[in-house]
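K.L.:
Turn this into a model:
(chains A and B, ligands or ions: 2)
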Amino acid sequence: MTSEDQLVRDGTPSTAAKEAETFIPQPEQGRGRLARTLVTVAAPAGFFVLFVTGWYLVSYVLLTPRRRFLMPPPHEIIAEGFGKSDNLIQILTGLWQTTRVAFLGLIIAIAIGLVLATLMSQARWIENSVYPYAVVLQTVPIIALVPLIGLWFDYNFQARVIVSVIISLFPIITNTLFGLRSADSSHHDLFTLHGATRMTRLRKLMIPGSVPAMFTGFRISAGLSVIGAIVSDFFFRQGAPGIGRLLDIYRLNIQMEMLYVAIFWSSMLGVVMFWGFGLVGNLLTRKWHDASLARG
Amino acid sequence: MGKTLADTQDDAVDGASPVLQFREVTKVFPDGTHALNNITFEVRRGEFVSIVGPSGCGKSTILRIASGLLPATHGDVALADDNIGYVFQDATLLPWRTVRRNVELFGELHKVDKEELTRIAQDAIDLVGLTDFEDHHPRRLSGGMKMRVSLARSLTLNPGLFLFDEPFGALDELTRERLNEELLNLFLSEKFGAVFITHSLYEAVFLSTRVIAMSPRPGRLIQEFHIPFEYPRHPELRFEPEFAEMTGKVSAALRAGQ
Ligand SMILES: Nc1ncnc2c1ncn2[C@@H]1O[C@H](COP(=O)(O)OP(=O)(O)OP(=O)(O)O)[C@@H](O)[C@H]1O
Ligand SMILES: [Mg+2]
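P.N.:
Ligands and ions are numbered 1, 2, ... in the order given. Here you go, the predicted structure:
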């Protein structure tokens, strides 16, 4: 070792030693990049082509013309759902209604879930008192609750939001609580050594450390809140129709193309919410959290 | 203790008052594990004391008791000052904070004025040779650099006593040796007292004014060695015959204690 390598020998840091210890990410080599393109673009695209081809095969080969309405070919569905403005307006109006319910439900669930998880992280007795109810909310079939909530809240917007909150609350509580508890005991020791108050510990250690787990919860719940909005709408059969109500109407009228279109839009809504929260979580933690690099 | 720490800062080791005193300290954990038996020793400002001993003999427990994280079952522990630096084997950085913000953490917890803290943190970062890495997150640093951040973080409070629990145990040999030399430089310029836990006898002898050998659990102090080499110590000291002789003695004591 040369004297260059000793940093503080006379108080002047040497840059040589620092560089030796920095990781400089190597640009990806040709083969690696090719493999990545295959995995991220080519493979999904190939799978999509296969999927559509399979669909046409079922429509035209497997099904007789009389039974073809069970699974109409994709281009007819597109023509019906996107080509006719009446249909398009009807479904987009329903979609907007459902989006409002799901989004508001999710926001309320996040607010309640974060508060409950934070309280639960502060004292065992709070956790022991609250957790059983959270589990019950999670395990009781939502279908059993929907009529009751409808009766109580007059089948309106508010009632739909409540169903959406109930169904999406649990993953937020459990994931956030898990995140709040995930700080190392040695980190807690440091805060203890320096006389940190409960509040400081929560603000500077537990909450920042819980963000990745918190967003995992948000993502799961984003999908669930859409389901809650659609299920309640489907069963209430009253008030301004959302996607759930439209699903029921299309089913009764045997508007098979529109049924598929409604399914398409409702899953798109879930996907966009799921993906949106993933993106926000990623942006918040990508600088420091390893897992956020791996998956968007 | 008649003199305060400030008075004694520049005194020779012999004249300095103890920054840490253990008197007949025994530790039995609630589950009945008898970890420490009758431990008595003291550390003065300007002294670097290493503790070596077999795994599980209670070395970390000594530091946890010294820092107040754990109570002793019997005996007395006296600290000259609550302001201590505690460095773990894992650098224990907060991964969401940059180097600068990690170094500022302790000052924040002690409500140090913002502007002053920025300055102190920068000084500490410069001192451990991490200038220009202030805005990196720990994920992008090597093990050795993380350890430097951890050191810098403790330096901000300018403690009179440092507790080190195998701080370089997870590093490769070369980085470990380099950090040993840097740590000695910090020790000489900052003049703190230090208790240093390690599994490496070479590291213990190279750094210390004294090395204490412990028995297997329940841990007792079996022998204490004064290390006669003058500071500043040069890396080449490790290749001198006297150095080998010294580590040999410590090793023999540990083996006899088994
Ligand atoms: N909280 C605890 N409860 C019960 N036993 C414990 C506790 N903490 C430590 N011990 C036991 O006390 C003994 C001493 O532990 P300690 O961590 O101090 O050992 P150590 O000398 O630091 O070991 P190592 O070299 O492996 O780090 C060990 O046998 C350990 O299992
Ligand atoms: Mg230990």
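K.L.:
residues in contact with A:Tyr260?
P.N.:
A:72, A:77, A:81 (C-beta atoms under 8 Å, 6 or more residues apart in numbering or on different chains). For every residue, glycine as well, the C-beta is placed using N, CA and C.
K.L.:
so where does A:Thr37 fall, helix or strand?
P.N.:
helix A:30-37 (DSSP states H and E).
K.L.:
Revised request: answer the last question for A:Val52.
P.N.:
Per DSSP H and E: A:Val52 is located in helix A:43-57.
K.L.:
does the residue nearest in space to the middle of chain B sit in a helix, a strand or a coil?
P.N.:
Geometric centre of chain B, nearest residue: B:Phe164, 2.9 Å, by C-alpha atoms, centre = their mean. At B:Phe164 the chain is in strand, as set by DSSP: H, G, I helix; E, B strand; the rest coil.
K.L.:
Can you name the residue of the stretch 1-150 of chain A nearest ligand 1?
P.N.:
Minimum separation of the stretch 1-150 of chain A from ligand 1 (C-beta to the nearest ligand atom) falls at A:Arg124, amounting to 18.9 Å.
K.L.:
go on, chain A?
P.N.:
Closest point on chain A to ligand 1, by C-beta to the nearest ligand atom, is A:Ser185, at 10.3 Å.
K.L.:
Model confidence for that residue, exactly?
P.N.:
At A:Ser185, the predicted lDDT confidence score is 94.
K.L.:
which residues does B:Leu20 contact?
P.N.:
B:42-43, B:66, B:77-80, B:161, B:193, B:195.
K.L.:
10 Å instead, please
P.N.:
By C-beta atoms under 10 Å, 6 or more residues apart in numbering or on different chains, the contact list for B:Leu20 reads B:41-45, B:47, B:49, B:62, B:66-67, B:77-81, B:84, B:160-161, B:163, B:193-195.
K.L.:
ok, now A:Leu145?
P.N.:
Residues in contact with A:Leu145 (C-beta under 10 Å, 6+ apart) are A:137, A:162-163, A:166-167, A:231-232.
K.L.:
how much distance is there from whatever helix or strand it lives in to the middle of the chain?
P.N.:
Assigned by DSSP H and E, A:Leu145 belongs to helix A:142-153. With C-alpha atoms, centre = their mean, to the nearest Å as the basis, helix A:142-153 stands 25 Å off its chain's centre.
K.L.:
Flag every residue of chain B that's near ligand 1.
P.N.:
Counting by C-beta under 6 Å from any ligand atom, the positions of chain B adjacent to ligand 1 are B:29, B:31, B:33, B:35, B:55-61, B:217.
K.L.:
residue ranges with poor pLDDT in the stretch 1-150 of chain B?
P.N.:
B:1-15 (pLDDT under 70).
K.L.:
show me where it has helices.
P.N.:
B:5-8, B:59-67, B:99-109, B:114-127, B:143-155 (DSSP state H, counting those that start in this stretch).
K.L.:
so A:Gly242 touches A:Arg100, yeah?
P.N.:
Yes. Counting by C-beta atoms under 10 Å, A:Gly242 touches A:Arg100, with 8.5 Å between them.
K.L.:
Next, show the common contact partners of these two.
P.N.:
With C-beta under 10 Å, 6+ apart as the test, A:Gly242 and A:Arg100 both reach A:157, A:160, A:229.
K.L.:
How about residue 138: what's its closest non-neighbour residue?
P.N.:
No chain specified, so I'll use chain A. A:Phe170 (4.0 Å; C-beta to C-beta, 6 or more residues apart in numbering or on different chains).
K.L.:
Correction: the question concerned chain B.
P.N.:
Per C-beta to C-beta, 6+ apart, closest to B:Pro138 is B:Leu93, 4.3 Å.
K.L.:
So which of the shared contacts of A:Gly242 and A:Arg100 belong to helices?
P.N.:
Per DSSP state H, helices hold the following members of the shared contacts of A:Gly242 and A:Arg100: A:157, A:160, A:229.
K.L.:
now the angle from the helix or strand containing A:Asp233 to helix A:142-153?
P.N.:
When elements are assigned from DSSP H and E, A:Asp233 belongs to helix A:207-236. With axes from the mean of the first three to the mean of the last three C-alpha atoms, to 10 degrees applied, the angle from helix A:207-236 to helix A:142-153 works out at 80 degrees.
K.L.:
so what's A:Val101 up against?
P.N.:
Contacts of A:Val101 by C-beta under 10 Å, 6+ apart are A:157-164, A:225-226, A:228-230, A:232-233, A:240, A:242-244.
K.L.:
List only buried entries from these.
P.N.:
Among those, those buried by neighbour count (16 or more other C-beta atoms under 10 Å in any protein chain shown) are A:157, A:159-164, A:225-226, A:228-230, A:232-233, A:242-244.
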